[in-house]
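K.L.:
Here is the input, now give the coordinates:
(one chain, ligands or ions: 1)
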Amino acid sequence: MDSDATSLGEIDRLRRRLDEMDRQLLALLNQRMEVAKRIGERKRRESQLIFDPIREETVIRDLVKQDAGSLSPLGIRAIFQEIFSLSRAQQGVLRIGCCGGAAGLLAAHLRFGSSDEYRMIRSAEEGKRLLVEESIDILVLPKQRLLDWSHWFTGKPDGHLPVTVCGESDLPDLLANHRMGRYSRFYIIRLGTEPIRPQEGSQSLKAVFLLSGCSREATDPWQHRFGGCWAQTTPCAGGEEPPDAGALVRLWEVFDPPPVEMLQEGCREIYGDSAWIVLLGTYPVSSGSRL
Ligand SMILES: O=C(O)C(=O)C[C@]1(C(=O)O)C=C[C@@H](O)C=C1
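P.N.:
Sure thing, here's the model as predicted:
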């Protein structure tokens, strides 16, 4: 037997092993879907949302920590995001609205997976309406448009938003051509005033704050005062700042988010009554490029 034939025989044998493993994987996935369906029934009875980003992140993180094989963290993440997507589809449909054209759709697809329902949204205003009407469950919004949210809610003196930011999605550098580059970061927003609570044992949290009613320059002392203590601040206004909306300041890698009252107090000290802060939500951050 020549060496080509030997190698073909070996490939055949290995492929048969792969076939058997694929069958096992599929059987396990089907079993997993049955369990997810049961969780979904329970959630429906208790009026809980299908999408639980903190649980998903915790599962992925634990798996990445556990894996002693050759899989990359990004690979594990991509596989499990698809599994969660299948699993959400068993529980009902997660309806995702995407602003930001094709880039928004792509960012959402990269974050969520193939089995959810996507809908292109022409403007942040339309997205807000559909979210409030509950025609969509999640809105994916380019970071530039987050300022519009700041704008909309500056009118509300109590500073309560009916939405929380529950994640972020990046377009990988690979896709950052001229047009997409503008839309490299997206926020995932969902309805609900309850900020997402950190899971016990969660290592790293992000908090997003809107600091409104003051000019961009005026955020400097605020950043100086609070930035160093427990967070780094990043102004992320981009070039599309609405005239009176004030500044948006993001705090990130907040391990132990300070009480909102303390922030508000500090803010009042610096700006008197001319500014206020809105806590949009806290959510886990991943060490990879996507959440
Ligand atoms: O743990 C849950 O709450 C589930 O619904 C299961 C599951 C999963 O497949 O692991 C599915 C959807 C949620 O977003 C989180 C996790």
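
K.L.:
how about the residue in the stretch 151-291 of the chain positioned nearest to the ligand, phi and psi?
P.N.:
The nearest approach of the stretch 151-291 of the chain to the ligand comes at Cys166, 10.4 Å away (C-beta to the nearest ligand atom). Quick note: C-beta positions are derived from backbone N, CA and C, even for glycine. Backbone torsions of Cys166, given as degrees, to the nearest 10, read phi -120, psi 20.

K.L.:
So Gly100 sits against Leu141, correct?
P.N.:
Yes. Counting by C-beta atoms under 8 Å, Gly100 touches Leu141, with 7.3 Å between them.

K.L.:
Could you tell me which residues touch both of the two?
P.N.:
Phe186 (C-beta atoms under 8 Å, 6 or more residues apart in numbering).

K.L.:
Just confirm Ser47 is within a helix.
P.N.:
No. Using DSSP: H, G, I helix; E, B strand; the rest coil, the assignment for Ser47 is coil, not a helix.

K.L.:
pLDDT value on it, please?
P.N.:
Model confidence at Ser47, given as pLDDT, is 83.

K.L.:
cool, the one 5 residues further on as well?
P.N.:
Note for Asp52: predicted pLDDT of 86.

K.L.:
Kindly report the residues of the stretch 51-200 of the chain close to the ligand.
P.N.:
Contacts of the stretch 51-200 of the chain with the ligand, taken as C-beta under 6 Å from any ligand atom, map to Phe51, Asp52, Arg55, Glu56, Val59, Phe84, Ser87, Arg88.

K.L.:
Try it again at 8 Å.
P.N.:
By the rule C-beta under 8 Å from any ligand atom, the part of the stretch 51-200 of the chain lying against the ligand is Phe51, Asp52, Pro53, Arg55, Glu56, Val59, Ile83, Phe84, Leu86, Ser87, Arg88, Gln91.
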